[in-house]
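> Okay, predicted coordinates and the sequence, questions at the end:
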Amino acid sequence: MLYTDFPAEGKVKNPAADELAKRAIESVGKADRDKDGISYLMAASECGIETPLTSAYKAEILKQAGATTLAEALELSTLSSSPASKEA
């Protein structure tokens, strides 16, 4: 069995796809490389891990990021969180 346990301040009591997507996108600029929410979802999906929220979560990330793939969403989120993009 594989599972993730987050510190209390990172837990969402009643997770919804839109809130999870928002947090995943925001995590791209805050987390270490490959430790953000989008990378985590990509890795979990590649391993065949699916939850009841997975499809809606993926769709919401794509919608919020304006992307067609999770890799593109990650790239766009990385660009938008870079210091250069914040100066513009």
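Everything's here; your move.

> Give me the contacts around stretch 12-21.
By Cβ atoms under 8 Å, 6 or more residues apart in numbering, the surrounding residues in contact with stretch 12-21 are 23, 37, 53, 56-57, 59-61, 63-64. All C-beta atoms are positioned from the backbone trio N, CA, C, and that covers glycine.

> and if we set it to 10 Å?
Residues from elsewhere that reach stretch 12-21 (Cβ atoms under 10 Å, 6 or more residues apart in numbering): 6, 22-23, 37-38, 41, 51-65, 73.

> And it, end to end?
One end of stretch 12-21 to the other measures 12 Å (Cα to Cα, to the nearest Å).

> List the buried residues in it.
Buried residues in stretch 12-21, counted by 16 or more other Cβ atoms under 10 Å: 17, 20-21.

> ok, now stretch 32-47?
Across stretch 32-47, burial judged by 16+ other Cβ under 10 Å covers 36-39, 41-42.

> got any ranges where the protein has weak pLDDT?
Low-confidence segments of the chain (pLDDT under 70): 1-6, 10, 82-88.

> distance between the strand or helix carrying residue 80 and the chain's centre?
In this assignment (DSSP states H and E), residue 80 forms part of helix 70-81. Chain-centre distance of helix 70-81: 10 Å, with Cα atoms, centre = their mean, to the nearest Å.

> for stretch 29-46, same thing?
6 Å.

> Same check on stretch 9-18?
On Cα atoms, centre = their mean, the centre of stretch 9-18 falls 12 Å from that of its chain.

> swap in stretch 69-79?
Counting by Cα atoms, centre = their mean, stretch 69-79 is centred 10 Å from the centre of its parent chain.

> If you count neighbours, what's buried in it?
Neighbour-count burial for stretch 69-79, counted by 16+ other Cβ under 10 Å, picks out 70, 73-74, 76-77.

> Now flag whichever of those is closest to residue 27.
When these are compared for distance to residue 27 (Cβ to Cβ), residue 77 wins out at 8.7 Å.
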